[in-house]
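> Attaching a predicted model along with its sequence, questions to come.
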Amino acid sequence: MRPILNKKQFNPRTTLPACRSLAVIGLLVLACSLAMAETGHVTYVPMTLRTAPRHIRTGVCLQVEERQYPQSPWWEAANSDSDAAERAFKAVLVAIKRQDRDALLRLSHPTLGRDPKEFDLQSDAFFAQFATFQLVAVPRAYELDGLVAFYAKIRSSSPEESGFAPFVFAVEADGTFGFLPYRTEKLAFQLLNDWFQDPWGPAKTDRPAYCSDDEIKHATHSISLGSSSGSSHPSRLFLTGAPLDTRGDLARIAAQIKTTVEEMKAALAARKLDDFAQHLIPEDGKKLKEWFASAKPAEIAGYSAAFANQQPFFFFDASPLFVVFTKTSPKSVEVMYLTLGPRNSLLWTNSSYITIADGVFKQGPLEKSALLDQPFSNIAIK
């Protein structure tokens with residue numbers, strides 16, 4: 001698992017790198033009882049496609065349960081209305097404040113949070129940075145797939161090291177919640193955290209972007225990314241897609257996808273590398289040209305043959321992203337990400353760049369669904 005802390009680097013603005021230290025509890029306990037979260041509500045957050053030049057907000061929507069809290073330090077107040085996750089969160093903050101390693105270990109999830117090496121590394125980082133950061137608000141939390149993630153706003157003397165960081169808890173068999181002191185690899189959480197930390201998420205704006213009602217209403221497919229026993233809030237992805245031979249509302253973009261792929265095949269067959277590279281985002285086109293310049297003829301021939309063998313058959317419209325599924329054999333599928341370029345052209349994106357999106361489209365339940373005799377029929381919304 002990736003750690004949620006990293007003793008060498010703290011950067012709450014990124015998702016894949018780990019955070020270094022998360023909280024300081026330096027506020028006075030309020031004498032009055034503070035209001036806890038409003039009733040949780042279902043909401044839908046847009047999935048991010050990370051590319052070399054930028055992050056792209058897509059039309060793929062992740063269903064989560066959102067809680068909103070007051071800006072006041074509610075975690076300091078004794079409140080009998082706190083639920084199991086909130087009580088666990090408060091207890092972890094107390095353990096960190098007191099630098100109580102044994103208590104933090106007991107509060108950590110028995111199977112997901114007590115790896116000796118990882119736990120020692122993370123607890124040391126928590127305690128070492130205790131006097132450096134101040135926890136100033138915990139305005140939101142999210143529940144999905146047996147997890148509850150509280151997003152803490154932290155302040156440092158250095159503006160570059162201030163921002164939001166998640167405290168994540170996993171449900172246990174008895175309904176209590178165990179702390180995850182290092183980062184979980186659950187795909188739905190990674191998608192949520194991408195959105196939260198991106199420019200259109202709550203970490204950067206007071207008006208975060210959510211998926212619209214129309215996007216959910218017009219979705220054609222829905223799939224669970226994985227749930228946990230005991231979870232009442234399994235995450236779901238909502239997508240809009242169609243076969244490449246569709247005659248419906250997506251026919252125009254389907255035709256453009258087919259034309260783009262055929263032009264790419266023709267350019268490779270004619271060994272017109274510049275023409276082929278024009279169909280890639282500039283960063284990917286540059287890398288491809290560099291590889292062609294050093295590759296052996298047999299390698300180039302193999303690449304060209306592999307691309308020529310791909311037959312697009314289905315796509316998801318997540319404008320400005322189009323996720324295109326291609327078959328290379330009856331039991332093998334590949335995925336191309338096409339994004340809108342100049343004059344609404346389609347550009348192959350992330351041709352050699354691995355991201356969290358690959359975990360959604362290139363493996364797991366969506367890959368299996370793509371291989372059905374009627375692709376994605378098992379996740380179609382009836």
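Received the coordinates, thanks. Numbering: from 1, shown residues only.

> Any regions of the protein where pLDDT drops low?
Counting by pLDDT under 70, the chain has low-confidence residues at 1-39, 80, 130-131, 159-160, 227-232.

> So which residues of the stretch 101-250 of the chain form helices?
Per DSSP state H, counting those that start in this stretch, the stretch 101-250 of the chain carries helices over the ranges 101-107, 116-128, 187-197, 213-217.

> Run through the neighbouring helices and strands of the longest one.
Pointing back at helix 116-128 there. Packing partners of helix 116-128 (3 or more CB pairs under 8 Å, 6 or more residues apart in numbering; DSSP states H and E): helix 101-107. No exception for glycine: its C-beta is placed from N, CA and C like everyone else's.

> Buried ones in the helix it packs on, by neighbour count?
Buried residues in helix 101-107, counted by 16 or more other CB atoms under 10 Å: Leu104, Leu105, Leu107.

> ok, now stretch 151-161?
Buried positions in stretch 151-161, judged by neighbour count with 16+ other CB under 10 Å: Tyr151, Ala152, Lys153, Ile154, Arg155, Ser156, Glu161.

> what's the closest non-adjacent residue to the fourth one?
Nearest non-adjacent residue to Ile154, counting by CB to CB, 6 or more residues apart in numbering: Phe133, 4.8 Å away.

> what comes up buried for stretch 268-282?
If you call a residue buried by 16+ other CB under 10 Å, then stretch 268-282 has these buried ones: Leu268, Leu273, Phe276, Ala277, Gln278, His279, Leu280, Ile281.

> List the residues that contact the spatially closest residue to Trp195 that is not a sequence neighbour.
Spatially, and ignoring its direct neighbours in sequence, Trp195 is nearest to Val45 (4.4 Å; CB to CB, 6+ apart). The neighbours of Val45, taking CB atoms under 8 Å, 6 or more residues apart in numbering as the test, are Cys61, Leu62, Val64, Leu191, Leu192, Trp195, Phe196, Gly201, Tyr210, Cys211.

> For the fifth one, list the residues it contacts.
If you count contacts by CB under 8 Å, 6+ apart, Leu192 has them with Val45, Leu62, Val64, Tyr142, Leu144, Ala149.

> ok, back up a step: for the residue nearest to Trp195, give its distance to Pro208.
Distance of Val45 to Pro208, given as CB to CB, to the nearest Å: 8 Å.

> Over to Ser329?
Separation of Ser329 from Pro208 (CB to CB): 42 Å.

> which of those two has more neighbours?
Using other CB atoms under 10 Å as the criterion, Ser329 and Pro208 rank with Pro208 on top: 18 against 8.

> Return the residues in contact with the more buried one.
Pro208 is in contact with Trp195, Phe196, Trp200, Gly201, Pro202, counting by CB under 8 Å, 6+ apart.

> Same check on Leu112?
Here Leu112 is in contact with Met1, Ala170, Gly178, Leu180, Thr184 (CB under 8 Å, 6+ apart).

> any idea how far Val92 is from the fourth one?
Using CB to CB, we find Leu180 at a distance of 10 Å from Val92.

> Strand partners (parallel or antiparallel) of the host helix or strand of Val324?
Using DSSP states H and E, Val324 sits in strand 321-329. As defined by DSSP bridges, the strand partners of strand 321-329 come to strand 311-318 (antiparallel), strand 332-340 (antiparallel).

> Emit the PyMOL select command for whichever of the contacts of Leu112 are buried.
Buried members of those, defined by 16+ other CB under 10 Å, are picked up in PyMOL with:
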select buried, resi 170+178+180+184
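
> ok, the buried residues of stretch 268-282 vs Ala305, which is closest?
Closest approach to Ala305 among these (CB to CB): Leu268, at 9.1 Å.

> ok, back up a step: for the helices of the stretch 101-250 of the chain, give me a markdown table that also has distance to Leu338.
Shown next, in a markdown table, are these (distance: least, CB to CB, whole Å):
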| stretch | distance to Leu338 |
| --- | --- |
| helix 101-107 | 46 |
| helix 116-128 | 39 |
| helix 187-197 | 20 |
| helix 213-217 | 19 |
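
> Tell me which of these is the most buried.
Most buried of these, by mean neighbour count (mean count of other CB atoms under 10 Å): helix 187-197, with a mean of 24.

> on that earlier part again, quickly note the distance from the residue nearest to Ile154 to Arg98.
Remark: distance between Phe133 and Arg98 (CB to CB) = 16 Å.

> In terms of neighbours, single out the busier of those two.
Between Phe133 and Arg98, counted using other CB under 10 Å, Phe133 has the larger neighbour count: 26 against 13.

> Val261 against Gln310, yeah?
Yes. Look at Val261 against Gln310 with CB atoms under 8 Å: they come within range, at 7.4 Å.

> shared neighbours, those two?
Counting by CB under 8 Å, 6+ apart, the shared contacts of Val261 and Gln310 are Thr326, Met336.

> And those two? Which one has more around it.
Neighbour count, other CB under 10 Å: between Val261 and Gln310, Val261 has more, with 22 against 19.

> Next up, the contacts around that one.
Listed by CB under 8 Å, 6+ apart, the contact set of Val261 reads Gln310, Pro312, Val324, Thr326, Met336.

> Identify the bridge partners of the closest residue to Thr184 other than its chain neighbours.
Closest residue in space to Thr184, ignoring its immediate chain neighbours: Val168 at 5.7 Å, by CB to CB, 6+ apart. Counting by DSSP bridges, Val168 is bridged to Ala149, Leu180.

> State the distance from Val168 to Gly359.
For Val168 relative to Gly359 (CB to CB), the value is 18 Å.

> residues near Ala298, how many?
Using other CB under 10 Å, Ala298 is surrounded by 8 other residues.

> List the buried residues for the helix or strand containing it?
Element membership for Ala298, per DSSP H and E: helix 297-308. Neighbour counts over helix 297-308 (16+ other CB under 10 Å) mark Ser304, Phe307 as buried.

> and for that helix, what are the contacting residues?
Met264, Lys265, Leu268, Ala269, Phe292, Ala295, Thr328.
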